[in-house]
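A.B. asks: Provided below for reference: sequence and predicted model.
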Amino acid sequence: MTYYIDYIKWDRIWVYFHFQTKKDNRPVYLVSLDGRYKIPLIEDHPNTYKLNITNPGNAAMLPTCVYQLRAYDGTHVACVAWMNPQECNREFIYFHSERSYKVQFTNRNGFKMLTTDGVRKNLNTVTRILSLIRRTKHNTAKTVLRSIYRLEHLLHHRKTPLNRQNPNILLMSDMSEEMGSNMAAFKNALDRRGFKYDTSLRSVTTKHYSLREWIRTLRKIARADFIFLDDHSQTTDWLKIKGTIITQLWHSGAGFKSTGYSRFGMPASPAPQSGHRQYTYGIAGSRKIRHFFSEVWGINDEQVLPTGMPRLDEFLNEEYRKNTTKNILKDYPILNKYRGKKQFILFAPTYRGENKRHAYYPIEKLDMGKIYKMCKETNSLFIFKMHPYVAPVQIPEEYSDKILDLTNYKNINDLFYITDLLITDYSSNIYEFSLMKKPMLFYAYDIDEYSKERGFHRDYRENVPGKIVETFSDMIRAIYNKDYEFHRVEEYINNNFENIDTHACDRIIDWIILNKKRDYLEEEN
């Protein structure tokens, strides 16, 4: 029997095959011509199968090879044919636009899918020379540092079986010299439960560190039985860490913007082999959404544990909420003056730009005069809390009695306690705020452009817990009319949370450090 494919389509890193005549439930595989690989496709809809090229189930890229698409029923092999596959060829560019991973289709001698990975042929001479100079410099430094790590690992890594009651724990960041909210909450839990730990907090993307500092960091990494990260670590991109359980405590609860492997081939995307692949575990708030996280990191769903976000332990603590609210009102007299008398509107968008170094927000998309007028007519106070990568907003003096900038306030979650309406765009700050069960607006003026350049790894329009407005005028009009589509908040909570409590950190300690996750998963199943 021959099965025919109607069409092939792409959604970012997913390739979809739609069969014209397949009406049975026989699984479909990609089979390499050399017999090394037999990769199952995922049934997405009737007659439609999909494959993630960045992780077809092996926590690595789809191997470069020549494949045939086949349906199996025991020993039966059904050939597949399609007439015009070339239009679905894709090239995914990475590593400073110097290399690319290609997926090509051909109908010659039977339907085939070809994957290749290598240096782009159309690089000009200047680019090749500059690339060679940069690689030579960086590779020499990395070679030295790898040698230091191997020596430190030989000297300092445990020689006896892992003692889970007294392990070597490292809390590590390459993004900041201060702990992020998840890491800080987890640190507090380790203190409370009597675990000792070391820290390595650096900002390698914006600062230079001496060889002595690198040796100190590599020694800590070499000694560690457990490493907990709070974001992408550039060190793990080039350093293979041995004998260590690595867990990613990423801050994003359930945002929309694509990152990591979910945007492979876009600017600043990871290489096929990056530090994400070294994660033993990552965390998420629910099993319903862990596939979004596994897609970002290029690992498998079962490696993403539904522990909940560590920072929620503090956020949901009633005593912390009361004390924090009291301190905020004390520190900012204008908030204390209007608390309970005015509507507090918090404007907290994410940044634009590729990374921390180039981050910005186009403040010209807002009209301060109209915001001030709206505040007067709706009895509101408008509060800016820009992304940590973005500079504070300069508020004109004549507007300062109704417009306030709190960008430098350290923890946005604290501000949620006093916020009546959150306005954001693609930020993950909606995750915690949804638990306040208050309205949200989504000012997505650049939704089409952002979708093309950055991408979403879940349907933005279908999943946001509030009304989307694409112009400043529509945003102001929605505030006047209290048109927030508030009913979407409860649906969002149901889809994104599994445990709404103050025990996320305890679950991470119990499941990962004490290795008790199997008991929980068996209970649930």
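C.D. replies: Structure's in. What do you need?
A.B. asks: give the contact list for the nearest residue to Met175 once chain neighbours are set aside.
C.D. replies: Residue nearest to Met175 in three dimensions, not counting chain neighbours: Asp231, with 4.5 Å by C-beta to C-beta, 6 or more residues apart in numbering. Every residue, glycine included, has its C-beta placed from N, CA and C. For Asp231, the contact set (C-beta atoms under 8 Å, 6 or more residues apart in numbering) comprises Ser173, Asp174, Met175, Ser176, Gly180, Trp250, His251.
A.B. asks: same question for Ile423.
C.D. replies: Residues near Ile423 by C-beta under 8 Å, 6+ apart: Ile345, Leu346, Phe347, Ala348, Pro349, Met440, Leu441, Phe442, Tyr443, Met475.
A.B. asks: of those residues, buried ones?
C.D. replies: Ile345, Leu346, Phe347, Ala348, Pro349, Met440, Leu441, Phe442, Tyr443, Met475 (16 or more other C-beta atoms under 10 Å).
A.B. asks: CSV for the residues you listed, including secondary structure and pLDDT?
C.D. replies: Output for the buried ones among the contacts of Ile423, formatted as CSV (DSSP: H, G, I helix; E, B strand; the rest coil; pLDDT from 0 to 100):
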residue, secondary structure, pLDDT
Ile345, strand, 98
Leu346, strand, 98
Phe347, strand, 98
Ala348, coil, 96
Pro349, coil, 95
Met440, strand, 97
Leu441, strand, 98
Phe442, strand, 97
Tyr443, strand, 97
Met475, helix, 98
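A.B. asks: pick the one among those residues closest to Tyr67.
C.D. replies: Phe442 (40.9 Å; C-beta to C-beta).
A.B. asks: identify the bridge partners of the closest one.
C.D. replies: The partner list for Phe442 in beta bridges (DSSP bridges) reads Thr424, Ile468.
A.B. asks: quick one on the thing from earlier: gap between the residue nearest to Met175 and Gln273?
C.D. replies: According to C-beta to C-beta, to the nearest Å, Asp231 stands 19 Å off from Gln273.
A.B. asks: for Tyr261, same thing?
C.D. replies: On the measure of C-beta to C-beta, Tyr261 and Gln273 end up 11 Å apart.
A.B. asks: what do you get for Ser258?
C.D. replies: Separation of Ser258 from Gln273 (C-beta to C-beta): 19 Å.
A.B. asks: what's the answer for Pro392, then?
C.D. replies: Pro392 is 39 Å from Gln273, by C-beta to C-beta.
A.B. asks: least trustworthy helix or strand in the protein by mean pLDDT?
C.D. replies: When each helix and strand of the chain is scored by mean pLDDT, DSSP states H and E, helix 517-524 comes last, with a mean of 60.
A.B. asks: for the closest residue to Ile93 other than its chain neighbours, give me phi and psi.
C.D. replies: Computed as C-beta to C-beta, 6+ apart, the closest residue to Ile93 that is not its neighbour in sequence is Ser100, at 4.8 Å. As for Ser100, its main-chain torsions (degrees, to the nearest 10) stand at phi -150, psi 150.
A.B. asks: what of the one 5 residues further on?
C.D. replies: Torsion angles at Phe105 (phi, psi; degrees, to the nearest 10) stand at phi -120, psi 150.
A.B. asks: and if you look at Tyr209?
C.D. replies: phi -120, psi 140.
A.B. asks: how many neighbours does it have?
C.D. replies: Residues lying near Tyr209 (other C-beta atoms under 10 Å) number 12.
A.B. asks: which residues touch it?
C.D. replies: Neighbour list for Tyr209: Arg202, Thr217 [criterion: C-beta under 8 Å, 6+ apart].
A.B. asks: hmm, try it at 7 Å
C.D. replies: The contact partners of Tyr209, taken as C-beta atoms under 7 Å, 6 or more residues apart in numbering, are Arg202.
A.B. asks: how about Phe497?
C.D. replies: Phe497 makes contact with Gly285, Ser286, according to C-beta under 7 Å, 6+ apart.
A.B. asks: measure it to Gly285 for me?
C.D. replies: With C-beta to C-beta as the criterion, Phe497 and Gly285 are 5 Å apart.
A.B. asks: could you do Phe442 as well?
C.D. replies: With C-beta to C-beta as the criterion, Phe442 and Gly285 are 20 Å apart.
A.B. asks: tally of neighbours for the closest residue to Asn411 other than its chain neighbours?
C.D. replies: In space, Asn411 comes closest to Ser181 once its chain neighbours are excluded; the distance is 6.5 Å by C-beta to C-beta, 6+ apart. Residues lying near Ser181 (other C-beta under 10 Å) number 21.
A.B. asks: let me know the pLDDT of Ser181.
C.D. replies: At Ser181, the model reports a pLDDT of 88.
A.B. asks: so it sits right up against His251, yeah?
C.D. replies: Yes - Ser181 is in contact with His251 according to C-beta atoms under 7 Å; the separation is 6.4 Å.
A.B. asks: three-state assignment of the residue lying closest to Ala359 once chain neighbours are set aside?
C.D. replies: Counting by C-beta to C-beta, 6+ apart, Ala359 lies nearest to Tyr389, which is 3.5 Å off, once chain neighbours are set aside. Per DSSP: H, G, I helix; E, B strand; the rest coil, the secondary structure class of Tyr389 is coil.
A.B. asks: list phi and psi for Val304.
C.D. replies: Torsion angles, degrees, to the nearest 10, at Val304: phi -100, psi 110.
A.B. asks: oh, I was asking about Ala391
C.D. replies: Here is the backbone geometry of Ala391 (degrees, to the nearest 10): phi -70, psi 150.
A.B. asks: neighbours around Arg454, how many?
C.D. replies: Residues near Arg454, counting by other C-beta under 10 Å, number 21.
A.B. asks: tell me who's in contact with it.
C.D. replies: Lys257, Ser258, Arg263.
A.B. asks: and the first one, how far from Leu41?
C.D. replies: Think Lys257. 27 Å.
A.B. asks: over to the second one?
C.D. replies: Using C-beta to C-beta, we find Ser258 at a distance of 22 Å from Leu41.
A.B. asks: what distance do you get for Ile407 to Asn182?
C.D. replies: In this structure residue 407 is Thr, not Ile. Taking C-beta to C-beta, one finds Thr407 at 21 Å from Asn182.
A.B. asks: who's more crowded, those two?
C.D. replies: Asn182 (27 against 16).
A.B. asks: gap between that one and Tyr209?
C.D. replies: 23 Å.
A.B. asks: Lys385 now?
C.D. replies: Look at Lys385 and Tyr209: by C-beta to C-beta, they are 30 Å apart.
A.B. asks: then Met175?
C.D. replies: For Met175 relative to Tyr209 (C-beta to C-beta), the value is 14 Å.
A.B. asks: quick check: bridge partners of the residue lying closest to Asn89 once chain neighbours are set aside?
C.D. replies: In space, and not counting its chain neighbours, Asn89 is closest to Gln104: 4.7 Å by C-beta to C-beta, 6+ apart. Counting by DSSP bridges, Gln104 forms beta bridges with Leu114.
A.B. asks: so where's the stretch 251-400 of the chain shaky on pLDDT?
C.D. replies: 253-255 (pLDDT under 70).
A.B. asks: ranges for the helices of the stretch 201-350 of the chain?
C.D. replies: 211-223, 235-238, 290-297, 311-315, 318-331, 333-338 (DSSP state H, counting those that start in this stretch).
A.B. asks: what comes into contact with the fourth one?
C.D. replies: What it means is helix 311-315. With contacts defined as C-beta under 7 Å, 6+ apart, helix 311-315 is touched by Ser181, Asn182, Ala185, Tyr320, Asn413, Glu432, Thr502, His503, Ala504, Cys505.
A.B. asks: any idea how far the closest residue to Asp510 other than its chain neighbours is from Tyr281?
C.D. replies: Excluding the flanking residues, the one nearest Asp510 by C-beta to C-beta, 6+ apart is Lys516, at 4.7 Å. From Lys516 across to Tyr281, the span is 13 Å (C-beta to C-beta).
A.B. asks: before we move on, what about Gln20?
C.D. replies: When Gln20 is compared with Tyr281 (using C-beta to C-beta), they lie 41 Å apart.
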